[in-house]
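Asker: For reference, the sequence and a predicted model appear below.
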2 protein chains.
Amino acid sequence: MNDSYLKFVNSPFGARLARSLGLPKPEVLRRYRADRPEFDGLVAIGAGREPRLLDALANLVASIGVTSVAHESAGLWVPLAHRHGLMTGRFESAEAGAQGKLAALLFDASGIEDSSHLAPLHGFFHDTLRSLGKCARIVVLGRPPETCESPRQWTAQRALEGLTRSLGKEARRGITANLVYVAQGAEGSAEATLRFLLSPRSAYVSGQVVRIDAGAPGRPADAASASTVPAFDWSQPLAGRRAVVTGAARGIGASIASVLAAEGAHVIGIDIPSARDALDATLRQLNGTALAFDIAAPEAAAQIAAALDEQGVDIVVHNAGITKDKTIAKMTEATWQSVIDINLGAQERIDDALLAAGILRDGGRIVGVSSISGIAGNSGQTNYATSKAGVIGRVQSMAPRLRARGITINAVAPGFIETQMTAKIPWTIREAGRRMNSLSQGGQPVDVAQTIAWLAHPGSAGVTGQIVRVCGQSLIGA
Amino acid sequence: MNDSYLKFVNSPFGARLARSLGLPKPEVLRRYRADRPEFDGLVAIGAGREPRLLDALANLVASIGVTSVAHESAGLWVPLAHRHGLMTGRFESAEAGAQGKLAALLFDASGIEDSSHLAPLHGFFHDTLRSLGKCARIVVLGRPPETCESPRQWTAQRALEGLTRSLGKEARRGITANLVYVAQGAEGSAEATLRFLLSPRSAYVSGQVVRIDAGAPGRPADAASASTVPAFDWSQPLAGRRAVVTGAARGIGASIASVLAAEGAHVIGIDIPSARDALDATLRQLNGTALAFDIAAPEAAAQIAAALDEQGVDIVVHNAGITKDKTIAKMTEATWQSVIDINLGAQERIDDALLAAGILRDGGRIVGVSSISGIAGNSGQTNYATSKAGVIGRVQSMAPRLRARGITINAVAPGFIETQMTAKIPWTIREAGRRMNSLSQGGQPVDVAQTIAWLAHPGSAGVTGQIVRVCGQSLIGA
């Protein structure tokens, strides 16, 4: 739970020692606090040829109330911003040496149709990267490659992924870099995602690729408006929503419950009967509802459905999970089976029960929890990695089936998160796990929780079938 | 080019020292040699419920001439093998302690339709993993998740990826683990891929997922036969084929040329005019053709097309590539542009010229070279990673368009390969790069070349649109 190295190198003496010895100096990440402004500072805008998302960006800039400056690559920005009633200036390369000026870099690459037209990306990041402040944000915007008509366009759009991931590794200093592919017609559906990626809420989300599609076919997108997004209040987006969180008694689950409640949701926390006291305490604080069920029991899904039937639910977060690590040669069948069943089978049974009975309402949100181990595999975790890879399959297989009802299904894949579980890992392995990412530190439970809150957001209707890592851009992957 | 640690810990004294100090001991990988049998030893067969690929496996076992033993999970194997005229025995768990008995583990998971039915995978690998010899092979077979009808089946099939990648990380000792998804109707098209993954040719390919589809629609697959595969000789599969290799003068390109020639192809090597002497020498040895062109020149694609027009080509390998590493803040536009242009733009121009004029014949093969940096991004390589991510987009965008002509397009993504280029990396970084993979060593140029030869194989008609890493299951990914 406690990264003493991070604290030390951010003390006056530790910082000096780290500098003189050339030790890595992880930044203390800026995280969301209700008593501080979520967005502030200068945002620099860049663009490739024929950018299609500048209007969406102008709406965003107006909505979050930041000031923009236009890089020379984005000549269209100044008149457009003025039309939107925004104050804006020009980014001056001469001042590029001034570190800390910029809070975010936004590049609209949506109009790039050929690999020979990628040079403006170089120009923009070459000029601006050094002007970014600590814990600043980089967001590159493009079109989903698989929706591009010509192979040249598809190729150029796909190339953005290599750039964005490299920027995340180059920037350091707590800066994140992410790529957002906005489908044609989904321009009005990107705001919740862009807000999240620009906010301190996404402190530990970097090197990720998010696709925004035009939402459920029943709610056709209108490119000229934000009509796909139901009405909600940005300060209490989950007001009036009921959210179920499994494994809510402690740790990451309790943090998820707490963040969803802070966003306005009524939280129904589920945990095993032996954790009832902790569960009750967690939910009491949040004015939520505690339900003690062992999700491993065959009858649990039906019991949970029955308990939720009357009022229904809008959000289901499958956070409950266990590890029982052993090499497969030493693993019993019971150990294998229980991990698969709790981490994957229970999610399948609960979803199916809630969906069949219509208890999960149209426009609902399902969020699973996968893992870096489910993506990359891990020694000693054949059971866990199999279950967490299955969660990815669950998300990918259900997303198209739930689209007609406006229900999204996604998963987060945490990397190294500072919990009681990781606190038990031997020190050297824990240190390696903590440092092997672009932010050189482990994440906090709240980082996972905030990412889930974004996926559960009413404005995230266009985000479905996706796996988002919460890993500080861990080196580890597949 | 020279991994002195690998040599040392495999010397009698070094092995003893490594053992007593607990140092990692990378295995000397077994690689293909024409004067040694490619396949030998015992192969253990396992299966989940209702396996659909046992017939294909029986054909394979007969074709490569190995002896099989059936694990108790694969009760159907013994009668089926007898029908195929194969000698077969039963794998006895009691002997499981005997290390080194088995050369390969093959598990048919194609019939698994629910996550609650994954237990036979545990049973099989639990019983057999310790009986594997050095440099043995693990192949798990399933159905492409995205082709599965029910979400439960999709989920269970997708879960196999977490298992296989974990097995690769657990097995060590030069053992590889890969997952092959065989589409319905493609059962007769898997042999070239299974041969490759079981052969010493795939020494440095581990943790990969390969999909076999039923091939071009013009050549409908017949599930009952291997009719999609044109006639060829397994010992000279590329006989009569003409293969173009860019960057062929030295290093990995020369190795590719050499392997393709050994498989029977006439190789046309292309390299820049300044490398003409090395190019001539390489191709003379292979009875090939040397063509000196600078692929960065705008007219090069047309010139290459003209030079190849008369006889046509069957295989195009885009190996030529450069790195010019700098952080983006210090990178000039020319440095950015030249890397994108040579690594990506040239491939686009050459392919388009060869395809438009029909110089690349129907049933042809295109193989690009991506990189782990193109997948994961890399600090100091924004240009290189962008270009190599673009190669992935190129493959994905062109594959469906080339299907009707029976042309496949794929890419390899090398990890740390021992070359003159990597020999220049500072020692500590080089050591980290070498050891951060499941085989604890760098690969050899021939490992990349053999992987390309498999993709170029006439039997690989069902493999297209895919990126195969040649990285020893590097820890690094996305």
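Answerer: Structure received. Numbers count the residues shown, from 1 in each chain, chains lettered A, B, ... in the order given.
Asker: Who are the contact partners of A:Val245?
Answerer: A:253, A:256-257, A:260, A:267-270, A:317, A:319 (Cβ atoms under 8 Å, 6 or more residues apart in numbering or on different chains). From N, CA and C alone the C-beta is placed, and that goes for glycine too.
Asker: do A:Ser150 as well
Answerer: A:113, B:397.
Asker: run the last query once more with 10 Å
Answerer: Contact analysis of A:Ser150 by Cβ atoms under 10 Å, 6 or more residues apart in numbering or on different chains lists A:113-114, A:156, B:397, B:401.
Asker: top of those by neighbour count?
Answerer: Counting neighbours by other Cβ atoms under 10 Å in any protein chain shown, A:Ala156 leads the contacts of A:Ser150 with 30 neighbours.
Asker: what about A:Gly374, how many residues close to it?
Answerer: 32.
Asker: cool, A:Arg19 as well?
Answerer: Neighbours of A:Arg19 using other Cβ under 10 Å come to 11.
Asker: Pretty sure it sits against A:Pro12.
Answerer: No. Applying Cβ atoms under 10 Å as the test, A:Arg19 and A:Pro12 come out as separate, 11.2 Å apart.
Asker: I'd like to know which of the contacts of A:Val245 are part of strands.
Answerer: Among these, the members found in strands (DSSP state E) are A:267-270, A:317.
Asker: Now for A:Gln236, how many residues are close by?
Answerer: Counted with other Cβ under 10 Å, the neighbours of A:Gln236 add up to 13.
Asker: my read: A:Asn10 touches A:Val28, true?
Answerer: Yes. Contact criterion Cβ under 10 Å: A:Asn10 and A:Val28 qualify, at 5.3 Å.
Asker: Could you confirm whether the helix or strand of chain A with the lowest mean pLDDT reaches chain B?
Answerer: Scoring the helices and strands of chain A by mean pLDDT, DSSP states H and E places helix A:12-21 at the bottom, with a mean of 82. No. Using Cβ under 10 Å from any Cβ of the partner chain, helix A:12-21 stays clear of chain B, with a minimum separation of 15.5 Å.
Asker: show me what contacts the residue nearest to A:Gly415 when sequence neighbours are not counted?
Answerer: Leaving aside its chain neighbours, A:Gly415 sits nearest to A:Cys471 (2.6 Å; criterion: Cβ to Cβ, 6 or more residues apart in numbering or on different chains). Applying Cβ under 10 Å, 6+ apart to A:Cys471 gives the contacts A:204-208, A:371-372, A:375, A:412-417, A:436-439, A:442-443, A:447-448, A:477.
Asker: Tell me the spacing between A:Gly264 and A:Val245.
Answerer: Relative to A:Val245, A:Gly264 is positioned 15 Å away (Cβ to Cβ, to the nearest Å).
Asker: re the thing from before, just the ones of the contacts of A:Cys471 in strands?
Answerer: Short answer: the contacts of A:Cys471 in strands (DSSP E) are A:412-414.
Asker: Could you list the buried residues of stretch A:29-46?
Answerer: Judged by neighbour count using 16 or more other Cβ atoms under 10 Å in any protein chain shown, the buried positions of stretch A:29-46 are A:29, A:31-32, A:38-39, A:42-46.
Asker: returning to what we had before: and of the ones in strands among the contacts of A:Val245, the nearest to A:Trp454?
Answerer: Closest approach between those and A:Trp454, by Cβ to Cβ: A:Val317, at 12.3 Å.
Asker: Now do the contacts for that closest one.
Answerer: A:243-248, A:253, A:256-257, A:260, A:267, A:269-270, A:365-369, A:412, A:449, A:452-453, A:455-456.
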